[in-house]
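1. Sequence and predicted model, in that order:
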Amino acid sequence: MIDVLRAGALTTVQDGGRAGHAHLGVPAAGALDGPALRLANRLVGNDEAAAGLEITVTGCRLRFRRAVMVAVTGARTARLTVDGRSVDAGVPVPVPAGAVLDVGRATAGVRTYLAVAGGLDVPAVLGSRSTDTLSGLGPPALRDGDVLPVGTPQGPPAPVWFTVPAPAGGAIELRVLPGPRVDWFTAAALTTFTSATYTVSPKSNRVAARLTGPRLTRAIDGELPSEGLVLGAVQVPAGGEPLVFLADHPTTGGYPVIGVVEPADLPLLAQSRPGTPVTFRRGADAWT
C-alpha cells in the first residue's frame, strides 16, 4: 500500500488508456506523455501499460508501507528525495519499507510520472485504471490521506547506467495533417494556421491544450452536427482560436476541425507550460 501524504494540485492514476470505446462516448484517457510513463514502467520491470501516477506541476509526497522499486520520469523536478536523501530521476530507485518519497515542484515541463514495481492495483473500469477527468470514469484524482494498492512485481528492474533527460522547455513545433473540415476555412486562415505563433493558454487541461493567438476565419459560417473527434484534433470554436484535444477529449464535437496533430508530437504539448510558443508545420502535401 501507498499512503498519500500530499496529493498536490492534480495527481491522477494513468495507464495506457481505455481505447476502443469511443462508439460508447467514452474517451481513451491515459497518460498525456505516454513515452514518459512507458519508460518509467520499463525501468521498474512493469508492462509498459501498467498504471502509475501522473503528477501535475506541484509534486506530491507518498509513504510506502513495504519496500518497492520506483522510477520517476517526465518533467524536471526541484527535488526528488527518499526520506530526505536526494535520488535521481530516470533510473530505478529502491524505496525501503516505511520511507517517504517526495516529488518536488516541476521546474521544466508540466507532468511527472511515477511507476512502482507491480503497478498501481486500483480497480479497472472498461479495461483501464486511468482517471478520466471528463467522464469521471476510473479512480478520482488523489487526495491527501488516500491509500493506493500496489500489485506484485512482474520482473527485475531494467539495468541502466544513465539518467533520462527531462523536458527542456521552450518553443515547440507540431506537425499537423489536414482535418476533415479544412474546407470550412479561408485560404488566409490556412496560411495563418501554419505560419503564425500561438501560445499555450492557462485554461489548458487534460481535455485540451487551448491556444491564444491569431483568429482563424471561416469560409463557411453554418453549423455542423456533432461528429467524431480523435486524439490531436485541432478544433476551432466560435472565437477563432484553435485548441488541440488531448487524452480526455470528448468523442464528438460540433466545431470544425482544421487539422490533426501527429500523435508522436502530443507529448511535447502535454509538457508545455502556459505561455509556451507553439507553431504548426504542415505534415503532408494534402493541404488545399
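-> All right, it came through fine.

2. Give me the contacts around stretch 202-215.
-> Contacts to stretch 202-215, defined as C-beta atoms under 8 Å, 6 or more residues apart in numbering, come from residues 12, 32, 133-134, 192, 196-201, 235, 239-250, 269-270, 272, 274, 278. C-beta coordinates here come from the backbone N, C-alpha and C atoms, glycine included.

3. repeat that with 6 Å
-> Applying C-beta atoms under 6 Å, 6 or more residues apart in numbering, the contact partners of stretch 202-215 are 133-134, 192, 196, 198-201, 240-246, 248-249, 269, 274.

4. Give me the buried positions along that stretch.
-> Within stretch 202-215, the residues that count as buried by 16 or more other C-beta atoms under 10 Å are Ser204, Arg206, Val207, Ala208, Ala209, Arg210, Leu211, Gly213, Pro214.

5. Make a markdown table out of the residues you listed and add distance to Val93, secondary structure and pLDDT.
-> Listed next are the buried residues of stretch 202-215 as a markdown table, based on distance: C-beta to C-beta, whole Å; DSSP: H, G, I helix; E, B strand; the rest coil; pLDDT from 0 to 100:
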| residue | distance to Val93 | secondary structure | pLDDT |
| --- | --- | --- | --- |
| Ser204 | 30 | coil | 96 |
| Arg206 | 26 | coil | 96 |
| Val207 | 32 | coil | 95 |
| Ala208 | 33 | strand | 96 |
| Ala209 | 31 | strand | 96 |
| Arg210 | 35 | strand | 97 |
| Leu211 | 36 | strand | 97 |
| Gly213 | 41 | coil | 95 |
| Pro214 | 45 | coil | 96 |
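
6. and which of those residues is nearest Leu80?
-> Using C-beta to C-beta, the shortest approach to Leu80 within the buried residues of stretch 202-215 belongs to Arg206, at 23.2 Å.

7. how near is the closest one to Ala188?
-> 32 Å (C-beta to C-beta, to the nearest Å).

8. Over to Leu177?
-> Note on Leu177: its distance to Ala188, by C-beta to C-beta, is 20 Å.

9. Compare these two (neighbour count), which wins?
-> Counted by other C-beta atoms under 10 Å, Leu177 and Ala188 do not tie: Leu177 has more neighbours, with 16 against 12.

10. buried ones in the strand or helix carrying that one?
-> Leu177 belongs to strand 172-178 when assigned by DSSP states H and E. Of the residues in strand 172-178, Ile172, Leu174, Arg175, Val176, Leu177, Pro178 count as buried by neighbour count, 16+ other C-beta under 10 Å.

11. Check the first one and give its pLDDT.
-> Note on Ile172: pLDDT of 93.

12. Leaving out the residues flanking it, which one is nearest to it?
-> Leu268 (4.6 Å; C-beta to C-beta, 6 or more residues apart in numbering).

13. Might one say that the one you found is in contact with Ala171?
-> No. Between Leu268 and Ala171 there is no contact under C-beta atoms under 6 Å: 10.1 Å.

14. Wasn't Ala40 part of a helix?
-> Yes. According to DSSP: H, G, I helix; E, B strand; the rest coil, Ala40 belongs to a helix.

15. Give me the neighbour count for it.
-> Neighbour tally, Ala40, other C-beta under 10 Å: 29.
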